[in-house]
Structure formats: C-alpha cells, structure tokens
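> the following block contains a protein sequence and its predicted model.
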Amino acid sequence: MIRYTYMLAIAMGVILSSCSEKGNHAGEVDFTAKADSVLSLMTLEEKLGQLNLPAAGDITTGQAESSNIAEKIKEGKVGGLFNLKSATKIREVQRIAVEESRLKIPLLFGMDVIHGYETLFPIPLGLSASWDMELIEKSARIAAVEASADGINWTFSPMVDVSRDPRWGRVSEGNGEDPYLGAQIAKAMVKGYQGDDLTLENTIMACVKHFALYGAPEAGRDYNSVDMSRQRMFNEYMLPYRAAVEAGVGTVMTSFNDIDGIPASGNKWLMTELLRDQWGFDGFVVTDYTAINEMIDHGMGDLQDVSALALNAGVDMDMVGEGFLTTLQKSLDEGRVSEAEINEAVRRILIAKFKLGLFEDPYRYADPERSKRDVFNAEHRKVARKIAAETFVLMKNEGDVLPIEKKGTIAVIGPMGDNKENMAGTWSVAGKFDQAISLRQGLENAVGDKANIIYARGANITEDEVLESRVSIFGKPTYRDDRSAEVMIQEAVAAARKADVIVAAMGESAEMSGEASSRSDIEIPKSQRDLMKALLATGKPVVMVLFTGRPLAMKWEAENVPSILNVWFAGSEAGDAIADVLFGDVNPSGKLTATFPQNVGQVPIFYNHKNTGRPLPEGEWFQKFRSNYLDVSNEPLFPFGFGLSYTTFEYSDIRLNGTSLEGDQKLEISVELKNTGKVDGAEVVQLYVRDLVASITRPVKELKGFEKVFLKAGESKTVTFELDQEALKFYNFNTEFVFEPGEFEIMVGGNAQEVKSTKVIWK
C-alpha cells in the first residue's frame with residue numbers, strides 16, 4: 001500500500017520533508033515544515049475549511065455520501081467532525097475527504113470521551129475520589145484504546161475546571177475543589193489518552209477544558225459570568241490547566257464565560273499571552289460548542305465582529321458556529337484579520353494531523369476488526385469494575401451495618417435500585433446503557449442462591465413531574481411511576497418488613513448533574529426523604545446507597561440514616577462494583593474531593609478558604625461579631641478528603657528532618673500509619689501546608705501531597721513526603737510566582753479537618 005504522505009506529495013507535485021534539521025535531536029520530525037508544504041497549496045477557502053469543526057449531523061442517520069456535510073467535505077470546507085460513532089461510518093467519511101476533495105487532507109474525528117468510551121468508568125468526580133493516579137491514567141488509556149479502534153482520534157477531555165459550588169451541574173465532570181489534586185489528575189489523564197507517541201493507532205489526542213475558570217460561575221448557574229482577581233485565578237484555578245499543558249496536551253478548549261470582561265473565546269490575554277507566550281503551549285485551540293457565536297449575546301458585536309475577535313485572540317478552530325468559514329474572507333478583505341493569522345491557525349491544525357499520523361494513513365483509527373476486539377470487551381469491563389469500587393466513599397457506618405452478609409433476605413428499595421441506564425452518569429455519549437449492571441442485578445449476581453433479593457421502587461426520583469422530565473434524557477429514563485406516593489411507600493414498607501437488611505438506592509438520576517443541570521436546591525428530593533423515613537420506621541438496618549454527581553446537602557440523612565455509601569455514578573459495571581463493597585469483598589477507600597455542605601446557604605464552601613479578620617474561635621459554634629451564621633455552624637457536613645473504611649487507621653505524630661531550613665534544603669515529613677482494625681484496607685494520607693505570614697492573605701491550608709497506602713490488618717508503614725521551596729511558592733499581589741521565607745504549619749491526616757500538626761521556619 002502506498003503511504004498516504006507520498007500519495008499527497010506525488011498528487012500535488014511536492015515532496016514533503018520527513019525530518020528536521022531544526023529538531024531538538026537528530027531525526028526528529030519537523031511537523032511545521034510538513035504542514036507548511038501542505039499550506040502552500042491551499043486556497044483561502046480551503047484554509048478556512050480547516051478551521052471549521054461541524055457536528056456530524058445527518059451522517060449518523062443517513063448515507064455519508066449523500067449527506068449535506070459530505071458536500072462541504074468535498075469542497076474542503078471541513079477540518080474535522082465530532083460525535084460520529086463507529087469505525088465503518090468514520091472510515092467512509094474519511095474516504096470522502098482523502099479521495100474526493102481537491103487536496104485530500106484527512107479529517108480529525110472528535111468525541112466527548114469523558115469517562116470511558118463504551119466501557120464506562122465512574123464520572124470524573126467519582127474517579128477523583130480514588131486518589132489513585134495509576135488507576136485514573138489506566139481508565140483514560142482504556143478509553144483511548146476503545147475510541148481509537150472505533151475511528152475517534154481526538155477527545156474533548158480532560159475537564160479540569162476547579163469548582164467550589166455544588167449547584168453547578170458540571171462539578172460532576174471535574175475533579176473537585178482542589179487545584180493541586182486537579183493538576184495531578186490532569187497529567188494522568190493526558191498521559192492515558194496520548195501515551196508517549198500520538199502516531200500509535202491506540203492513542204488519541206486530548207483536549208484540556210474549559211480554558212479558563214469555567215467552574216466558578218456566579219450563582220452556580222451554567223454558562224454564567226465569572227469574576228475574580230488575578231491572584232485568585234493563578235493561586236486557586238489555573239494550576240490544572242497548566243499541568244495539562246506541561247504534560248503535552250495536544251489541544252485546549254475555550255470556556256463559555258468571560259474573564260476580566262472579555263469572553264474566553266475572544267480573550268487575547270488568555271489565549272495568546274498566557275497560554276502560548278507564558279506557558280509555551282504549541283497545540284491548537286478549539287472553541288466549545290458555538291462559543292464564538294455566543295459572544296454576540298455577550299455584547300461583543302455581530303458574527304463577523306466576534307469571529308475576527310476570536311481569531312485575533314488566538315483561537316484556531318470554530319466548533320459548529322461556522323463564523324470563521326463564513327466571515328473571515330470579508331474580515332481579511334477589510335484588514336480586520338491578517339492572512340498570517342489564518343495561516344498560523346491552519347498550520348497548528350495540520351501539525352496535529354501530522355502528529356496523529358493521519359497523512360501517513362488516514363484510516364489508522366478506523367479498523368472494524370480492531371473495534372470488534374478492543375471495544376467493550378471482558379478485560380476492560382473487569383478493570384472498570386475494579387476502578388469503580390475504589391471510588392466509593394463510605395460516609396457513615398454507625399453500628400457497623402456494613403458490610404452486610406450474603407444471607408437471608410435483602411430488600412433493594414428506591415428509584416435508583418433497578419435502573420441500569422442511569423448507572424453511567426452524565427457525559428457518557430458512547431456508552432451501552434442497556435448492558436450496564438444495575439444495583440439490583442449486581443446484588444443478585446453476588447449472592448447467587450445464598451440470599452434472597454427482593455425489590456420495590458418506593459418513590460419517584462422527585463415528586464415534581466416537570467423536573468423529572470428534564471432529567472429523563474439522553475437515553476437515561478427515570479421510569480416515572482404514576483401510582484401515588486402513598487401506594488409506592490406502602491409497597492416498599494411491606495417489602496422492607498420481609499427483609500433482614502434494607503439497601504436504599506437514592507439520590508440523583510444521571511442527568512440531574514452535568515452540563516446545563518445546575519440546581520438551586522441540592523437536597524435529596526422530598527419523595528425520597530419521605531420513603532427513607534418510612535423505611536427507618538420499620539426498625540430494620542438501613543444502608544443508603546447514594547447516587548450523585550455533586551456534593552449534596554443531606555444533613556437529615558447524615559443524622560438519621562445509620563450507613564451511607566456514596567457510589568457516585570460508577571459506569572458500566574456499577575452494580576457488581578457496588579455489591580463488591582456492600583458485601584465486604586472490597587474495603588471502601590474513596591475520599592471526597594469536594595466538600596459536602598450542611599445546607600445550600602453555606603455554598604460556596606471549600607476547605608482551602610482564607611481566614612478573616614474575625615475568625616470564629618476553634619470549637620465554637622457561634623459568637624456575635626464573628627464570621628459565622630446565626631442558624632448553622634461554619635463546619636461542612638463532610639469535609640474535603642473524608643472517607644471511612646471497614647477498618648481503622650492511626651497516625652503517629654509528625655516527624656521532620658529539621659524545624660529550621662534555609663535555601664535549597666528539602667523538608668522531609670514523616671508519619672507512621674497503622675491499620676488498627678481487623679481487615680485489610682487502604683488509606684489516603686494527605687499533606688497540607690499553611691503559610692502563616694505572607695505579603696497577601698493565604699488559605700488556612702493547602703494540599704501539597706498525598707499517598708494512597710494499602711495495609712494489612714495490624715500492619716504499619718512510614719509515609720514520607722518531601723517539600724522544597726518551589727512547592728511553597730505562590731502568586732503575589734503583582735502576580736509574580738515567589739517564595740517568601742517565614743513560618744509554615746505542616747499538617748498530615750486522613751482528611752482536611754482531622755490532621756496532626758507541627759511548624760517549621762524556612763529562611
């Protein structure tokens with residue numbers, strides 16, 4: 001088979017150089033020279049076509065050759081497509097591009113592969129609760145293997161927006177409230193998707209999003225305005241994006257919000273001065289869905305105005321809006337944009353296609369045979385089950401209700417008890433919902449003939465029929481029951497009375513969180529709370545299996561339900577993984593990465609807040625003229641880093657290699673961790689630091705390290721962290737990244753509230 005690079009070169013009478021004399025080392029491919037050799041052959045219309053990223057549209061339902069988008073591909077007006085699924089379809093569309101367009105430039109094929117492809121892993125917020133970078137990277141690696149086998153070569157992931165507001169629906173798609181942890185996860189995800197060589201057929205190009213600050217919208221309402229100081233940006237929100245860039249992420253996606261009054265997609269300071277000039281990003285920037293067009297409603301001008309604004313800001317590819325395709329010719333004629341800027345955007349996109357090996361073999365990512373072998377196979381599902389069990393957070397276990405035994409009668413009750421389609425959670429566009437494992441099925445699989453599983457629905461997700469209709473979308477029905485609440489509760493209580501233990505499956509449905517799923521009321525709906533009250537009144541032991549895509553305000557449940565296991569939305573193997581933990585085959589080890597509030601009035605609430613000039617004294621609930629509420633304490637319901645186990649752990653006092661350090665010295669921080677219980681288990685040891693005196697106000701604590709440690713019953717291990725001055729730097733008033741000598745508090749523990757503490761001086 002003639003290599004595609006040379007097919008293009010021969011067809012156009014140009015020889016593409018394969019190596020660079022300008023590379024960092026001998027033999028390094030000069031993708032810029034290759035891109036320029038193609039760029040030199042292109043008309044302006046073909047250049048603008050490379051900047052256009054439409055959705056697949058009618059290709060998914062009709063024949064590729066006869067679709068409307070096919071004509072644009074033939075005319076060179078499309079640079080890539082997204083949300084087209086299956087190796088066969090993608091291969092056919094790619095054929096149109098490389099055989100029927102003038103220049104035969106291959107297309108990119110993107111998809112929102114967010115937490116797995118067909119084999120689905122827990123939602124990202126759940127994955128982050130594992131605190132296990134190896135498992136998180138592995139989930140992305142499997143997603144890349146599956147997606148690439150089905151023709152996808154580009155994913156719009158990872159989403160690394162830091163968020164402290166659980167009202168915002170997309171908190172489910174991120175990694176919680178902490179920038180340091182978010183940065184480690186960003187690096188792991190990029191490595192999992194991209195590997196070490198993007199030309200390999202089983203890697204895909206990653207896209208970090210949403211740049212920037214998208215997770216801090218006013219009122220927690222999606223797409224809303226964001227306003228913050230530069231110090232807060234850099235100290236609390238920017239680290240995960242930068243970590244992804246430093247990990248070599250191929251693309252960056254713009255956010256919908258404005259920054260310093262200018263929408264991200266038109267913000268030159270953000271996209272060029274910061275991202276490219278300061279951070280050295282060398283990939284291409286793509287907008288989010290119609291983000292350029294939406295700058296019109298932001299008040300930035302008409303479509304021609306905002307398209308020129310975006311290109312001049314440093315945006316390279318326009319998702320869906322077609323403002324680049326339809327207006328940049330006119331803007332060029334009027335001198336509002338330059339051909340050099342257009343060429344640079346095209347060059348970056350062509351370079352990405354060369355890095356992916358598409359010019360060499362445009363069909364490398366569309367292999368129907370590999371798709372049959374590598375997608376949704378038994379091995380991947382086994383890994384998904386293991387990873388899911390590592391993400392569950394045991395939030396309460398009064399009286400050691402858990403683990404339960406595989407005997408007697410177990411009642412599964414609640415609207416999430418037998419709903420396999422909702423196990424996937426939000427942003428699972430390629431998943432096979434009909435083949436997921438429900439909670440009921442998982443328990444039945446686990447007990448076999450050892451126990452009797454009975455089921456009753458008990459309640460609808462919510463009593464509000466209109467609200468329920470809004471979240472019964474994307475192939476994830478909630479199966480609303482038209483019977484009265486009283487009748488359903490009576491049926492559930494009758495089942496509960498026959499049981500030895502009740503497993504109450506409650507919380508959110510999959511699409512109650514996610515994009516455009518902000519909630520002003522983040523309590524568990526009344527229909528489910530009424531059911532829980534009836535179940536508790538039976539006197540039977542109750543385990544609440546909590547399904548959620550966000551921190552919930554569940555103070556009543558925390559006070560009244562004896563055992564609560566948060567399982568997020570665990571993906572394809574949810575039911576089996578939940579059963580593994582409920583029956584004690586796996587000891588839960590997940591830890592929260594987002595604070596749970598007592599009520600929505602505390603929001604935003606997060607562990608790494610700053611102190612005030614009138615802080616509430618430690619241990620106090622209320623004092624007049626102090627920073628507190630009249631009606632609720634300042635404390636969270638469940639703090640950042642929190643998670644129980646079926647065993648117990650004991651921390652020794654902190655040991656240091658010195659209490660006074662200078663210059664380049666490194667501080668070694670050690671604790672002895674002991675499993676003091678009767679079963680094996682894992683604990684996430686967390687290191688926090690507080691800068692006690694600085695030139696700007698600093699947080700009361702900041703995560704600076706963590707290690708997940710597995711210990712057998714009775715076993716001990718010394719856990720050691722190392723800090724240097726670099727780890728203690730911050731952005732000062734002038735946004736200079738500095739280390740300031742002084743006194744620091746060092747804290748180590750199992751969550752942000754329960755820590756051992758000591759102090760050091762660093763000169």
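Nice, I can see it.
> okay, CA-based contacts and neighbour counts for the rest of this
Noted.
> tell me the gap between stretch 706-725 and the middle of its chain.
Once both centres are worked out by C-alpha atoms, centre = their mean, to the nearest Å, stretch 706-725 turns out to sit 26 Å from its chain's centre.
> just the C-alpha atoms of it, please, in PDB.
As requested, the backbone C-alpha atoms of stretch 706-725 are provided in PDB (Å, rounded to 0.1, in the frame of the first residue of the first chain):
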ATOM      1  CA  PHE A 706      -0.900  12.600  49.100                       C
ATOM      2  CA  GLU A 707      -0.200   8.900  49.100                       C
ATOM      3  CA  LYS A 708      -2.700   6.000  49.000                       C
ATOM      4  CA  VAL A 709      -1.300   3.300  51.200                       C
ATOM      5  CA  PHE A 710      -2.600  -0.300  51.500                       C
ATOM      6  CA  LEU A 711      -2.100  -2.000  54.800                       C
ATOM      7  CA  LYS A 712      -3.000  -5.400  56.100                       C
ATOM      8  CA  ALA A 713      -4.700  -5.700  59.400                       C
ATOM      9  CA  GLY A 714      -2.300  -4.700  62.200                       C
ATOM     10  CA  GLU A 715       0.400  -3.600  59.700                       C
ATOM     11  CA  SER A 716       2.300  -0.300  59.900                       C
ATOM     12  CA  LYS A 717       4.100   1.800  57.400                       C
ATOM     13  CA  THR A 718       6.100   5.000  57.500                       C
ATOM     14  CA  VAL A 719       4.800   7.500  54.900                       C
ATOM     15  CA  THR A 720       7.300  10.300  53.900                       C
ATOM     16  CA  PHE A 721       6.700  13.400  51.900                       C
ATOM     17  CA  GLU A 722       9.300  15.900  50.700                       C
ATOM     18  CA  LEU A 723       8.800  19.600  50.300                       C
ATOM     19  CA  ASP A 724      11.100  22.300  48.800                       C
ATOM     20  CA  GLN A 725      10.700  26.000  48.300                       C
END
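> ok, residues contacting it?
By C-alpha atoms under 8 Å, 6 or more residues apart in numbering, the list of residues contacting stretch 706-725 from outside reads 131-132, 647, 663-687, 705, 739.
> return the distance of T88 relative to V145.
When distances are taken as C-alpha to C-alpha, to the nearest Å, T88 and V145 turn out to be 17 Å apart.
> between these two, who's got more neighbours?
More neighbours sit around V145 than around the other of T88 and V145, counting by other C-alpha atoms under 10 Å; the figures are 25 against 15.
> who's in contact with L692?
Each residue near L692 by C-alpha under 8 Å, 6+ apart is listed here: R698, G742, E743, F744, E745.
> how near is it to T659?
Separation of L692 from T659 (C-alpha to C-alpha): 15 Å.
> do the same with K355
According to C-alpha to C-alpha, K355 and T659 sit 49 Å apart.
> per-residue pLDDT, G57?
Per-residue pLDDT puts G57 at 68.
> repeat for P217
On pLDDT, P217 comes in at 98.
> ok, D367 next?
According to the predicted model, the pLDDT of D367 comes to 89.
> list the contacts for it?
Contact analysis of D367 by C-alpha under 8 Å, 6+ apart lists A87, T88, A149, D150, G151.
> what of V226?
Taking C-alpha under 8 Å, 6+ apart as the definition of contact, the neighbours of V226 are L213, Y214, A216, P217, E218, N257, D258, I259.
> show me the shaky parts of the chain.
Screening the chain residue by residue with the criterion pLDDT under 70, one finds the ranges 1-28, 57-67.
> any buried residues in stretch 750-763, and which?
Across stretch 750-763, burial judged by 16 or more other C-alpha atoms under 10 Å covers G750, N751, A752, Q753, V755, K756, T758, K759, V760, W762.
> closest one of the residues you listed to F733?
Taking C-alpha to C-alpha as the measure, F733 sits nearest to W762 out of the buried residues of stretch 750-763, at 21.0 Å.
> mind checking how far that closest one is from L198?
Separation of W762 from L198 (C-alpha to C-alpha) stands at 43 Å.
> can I see the domain layout of the protein?
Domain assignment for the chain, taken from automatic domain parsing, gives 381-602, 649-762.
> could you single out the most deeply buried of these?
domain 381-602 (a mean of 21; mean count of other C-alpha atoms under 10 Å).
> and that domain, how far out from the chain middle?
Taking the mean C-alpha point of domain 381-602 and that of its whole chain, the gap between them comes to 21 Å (C-alpha atoms, centre = their mean).
> just to revisit the earlier point, can I get the buried residues of stretch 750-763 in CSV with distance to G323 and secondary structure?
Compiled in CSV, the buried residues of stretch 750-763 are given as follows (distance: C-alpha to C-alpha, whole Å; DSSP: H, G, I helix; E, B strand; the rest coil):
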residue, distance to G323, secondary structure
G750, 51, coil
N751, 48, coil
A752, 47, coil
Q753, 50, coil
V755, 53, strand
K756, 56, strand
T758, 57, strand
K759, 57, strand
V760, 56, strand
W762, 54, strand
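> just to revisit the earlier point, take the contacts of L692 and keep only those in helices.
Counting by DSSP state H, those place none of their members in helices.
> one step back: narrow the contacts of V226 to those in strands?
Using DSSP state E to define strands, the subset of the contacts of V226 located there is D258, I259.
> how about the contacts of V226, which pair is most distant?
E218 and I259 (12.5 Å).
> neighbour count winner among the two?
Looking at E218 and I259 with other C-alpha under 10 Å, you find the greater number of neighbours at I259, namely 24 against 14.
> follow-up on the earlier one: so which of the domains of the chain gets nearest L637?
Using C-alpha to C-alpha, the domains of the chain put domain 381-602 closest to L637, at 4.8 Å.
> sorry, back to before: quick one: which of the buried residues of stretch 750-763 is nearest S265?
When these are compared for distance to S265 (C-alpha to C-alpha), A752 wins out at 36.0 Å.
> what sits against that closest one?
If a contact means C-alpha under 8 Å, 6+ apart, then A752 has Y607, P639, F640, G641, F642, Q686, Y688 as its contacts.
> for these, give me a markdown table that also has secondary structure.
As requested, the contacts of A752 are arranged in a markdown table below (DSSP: H, G, I helix; E, B strand; the rest coil):
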| residue | secondary structure |
| --- | --- |
| Y607 | coil |
| P639 | coil |
| F640 | coil |
| G641 | coil |
| F642 | coil |
| Q686 | strand |
| Y688 | strand |
